[in-house]
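Engineer: Sequence isn't available, so here's the structure alone:
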């Protein structure tokens, strides 16, 4: 049998990067059918962490292209298993449930975390009943059919969770279970009967809250039962044996007294190979380049990143500007901004010189100390690698709603803003900073985020629609958060946000991800000023009388952030 996936996956390639991209595209289509809150799917090595992404190990497919149908089945099974839980706010439910045991010892919390994973497996199985996903899920569970340890031993977190899942899903129970299982299995069996009832509730909110309540009550009872178990405390001179749940291997030779523990490079490489693999950086970049067009819809990524089911989100689409702007840069603004970037470069060189150590016996020859060669040989210096510690990624997120069109007979605010953006893009050429300029607005209940500067040109948009400021800020921040450089996000608006995500959620997202966020209000009325002050402290907000002074405001902001960070 070639596997279910062999019958529906048609686009394949024998080239590594192309096949990885095609497989990933297929897996993302699978995820899109699971729900709107599913994490975006990546191969390991393409995304920073599992917090905002569903990461798959490429070990199953590396070196075997095109990917076999059976292998693709296993990948689809992993996506379905994790994606269905993500679509039903599994992480939110788990966080609420673990709060019921926040005072429990660490070893008890280990049991609860393993049981939580199995509880979500049972919930996903109930939601998938009668659907094709159930067939894929069974393939994922079949990979874990082998017992983790002898069931006659006291249960470990993983073995207890495995016994519970096998009983609930397949009716299998080992004959020689340790007697400690008797304290917990009745509680778990009762929960297994209740979980399908939560899966049958009519809407996502009620299902989410019912699971959180069920798991919380279960965890309280589990903690009581575990508290009665006798704890094993080894003596100081006892042998530190590994648990049987650990990977099997040869026993290590004992070291003689005073002999340091050393490992051969081959052994270290062998150990690393046991960890979940990830794509090499160059290959990950090639796959990401092939997948670039797949990032147009950011709705699901934003929903996962914010992690709040009540955040008030809306559909969000990313696009690149198509119409080149006819606005020319202002020579005065270009000179002023270019002078600022040159001052940044000067400060960086001065900072590097302060880090140079001289008078060393090895390193790079220091011409000014060559006279020391016949005396003590200290004619070298140590210079730190330049690095990117002082380089910035500057992200401008500009309001392009209907209000930026201005009133009839007046100069359009958007034209003045474009003049500033063109000047900034021109001045940034040749500097070590990276500049992204976005425009955003709402059209037919969809937040559109448009990248204006790409391909060495600046593009334009037509202002219109409402103002989804919070939604656009998170979307722009997400596209910049995995960069090595420090990120400075400047939000420019002339009005208050009136649709999409709440502004407070956007500001908190930037703070959690280490993004320095500022806002510039141009010609705002009193109501808008009060709205922005509610979310931005005095040092993070700047009000201008009109948008014609935007270039001066940005320059002032650069001096207070980019230059100040070096001094």
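Structural biologist: Here it is on my side, so go on. These figures come from a predicted structure and were not determined experimentally. Residues are numbered from 1 along each chain as shown.

Engineer: what's the span of stretch 437-449 from first residue to last?
Structural biologist: Taking CA to CA, to the nearest Å, stretch 437-449 runs 10 Å from one end to the other.

Engineer: again but with stretch 392-407, I slipped
Structural biologist: 36 Å.

Engineer: start at 40 instead
Structural biologist: I'll keep to 40 as the first residue from here, and by that count the last item is stretch 431-446.

Engineer: Counting neighbours, which bits of it end up buried?
Structural biologist: 431-440, 442-445 (16 or more other CB atoms under 10 Å). Every residue, glycine included, has its C-beta placed from N, CA and C.

Engineer: Over to stretch 596-606?
Structural biologist: Here stretch 596-606 shows 596, 597, 600, 601, 602 as buried, counting by 16+ other CB under 10 Å.

Engineer: I'd like to know which helix or strand in the chain has the lowest mean pLDDT.
Structural biologist: helix 304-312 (a mean of 41; mean pLDDT, DSSP states H and E).

Engineer: Among the buried residues of stretch 596-606, show me the least confident.
Structural biologist: pLDDT across these is lowest for residue 602, at 79.

Engineer: Would you confirm that that one contacts residue 387?
Structural biologist: No - between residue 602 and residue 387 there is no contact under CB atoms under 8 Å: 10.2 Å.

Engineer: Quick one: mean pLDDT for the one helix or strand residue 385 maps to?
Structural biologist: Assigning secondary structure by DSSP states H and E places residue 385 in helix 370-392. Averaging pLDDT along helix 370-392 yields 85.

Engineer: how about that helix: buried residues?
Structural biologist: Buried-residue list, helix 370-392, by 16+ other CB under 10 Å: 372, 373, 375, 376, 377, 379, 380, 383, 386, 387, 391.

Engineer: any idea which of these is closest to residue 357?
Structural biologist: The closest of these to residue 357 turns out to be residue 376 (CB to CB; 26.5 Å).

Engineer: partner residues bridging the closest residue to residue 530 other than its chain neighbours?
Structural biologist: Take residue 530 and drop its neighbours on the chain: the residue closest to it by CB to CB, 6 or more residues apart in numbering is residue 558, 4.3 Å away. Note on residue 558: beta-bridge partners residue 530, residue 580, judged by DSSP bridges.

Engineer: per-residue confidence for residue 558?
Structural biologist: Looking at residue 558, its pLDDT stands at 93.

Engineer: and it, how many residues sit next to it?
Structural biologist: 22 (other CB atoms under 10 Å).

Engineer: how far away is it from residue 464?
Structural biologist: 21 Å (CB to CB, to the nearest Å).

Engineer: isn't residue 336 right up against residue 485?
Structural biologist: No - between residue 336 and residue 485 there is no contact under CB under 8 Å: 9.9 Å.

Engineer: what ranges of the stretch 240-389 of the chain fall below the confidence cut-off?
Structural biologist: Flagging of the stretch 240-389 of the chain using pLDDT under 70 yields the residue ranges 269-315, 331-334, 346-351.

Engineer: where exactly do the strands run in it?
Structural biologist: Under the criterion DSSP state E, counting those that start in this stretch, the stretch 240-389 of the chain contains strands at 354-359, 362-363.

Engineer: Indicate which one of these is closest to residue 117.
Structural biologist: Taking CB to CB, strand 354-359 is the member of these nearest to residue 117, at 26.3 Å.

Engineer: Could you give me the buried positions within the closest one?
Structural biologist: For strand 354-359, by 16+ other CB under 10 Å, it's 354, 355, 357.

Engineer: hmm, who's touching it?
Structural biologist: 334-338, 341, 484-490, 493, 498, 507, 510-511, 514, 518, 539 (CB atoms under 8 Å, 6 or more residues apart in numbering).

Engineer: ok, now stretch 450-467?
Structural biologist: 364, 366-369, 372-374, 376-377, 379-380, 433, 435, 437, 439, 442-445, 474, 476, 491-492, 497, 499, 502, 531, 533, 561-562, 586-587, 589-590, 593.

Engineer: what is the rounded mean pLDDT of that stretch?
Structural biologist: The pLDDT scores in stretch 450-467 average 90.

Engineer: What residues of that stretch count as buried?
Structural biologist: Residues of stretch 450-467 classed as buried: 452-467 (neighbour count, 16+ other CB under 10 Å).

Engineer: and the residue nearest to residue 530, what is it in contact with?
Structural biologist: Residues in contact with residue 558 (CB under 8 Å, 6+ apart) are 529, 530, 531, 532, 571, 575, 579, 580, 581.

Engineer: Next one: it from residue 460, what distance?
Structural biologist: 16 Å.
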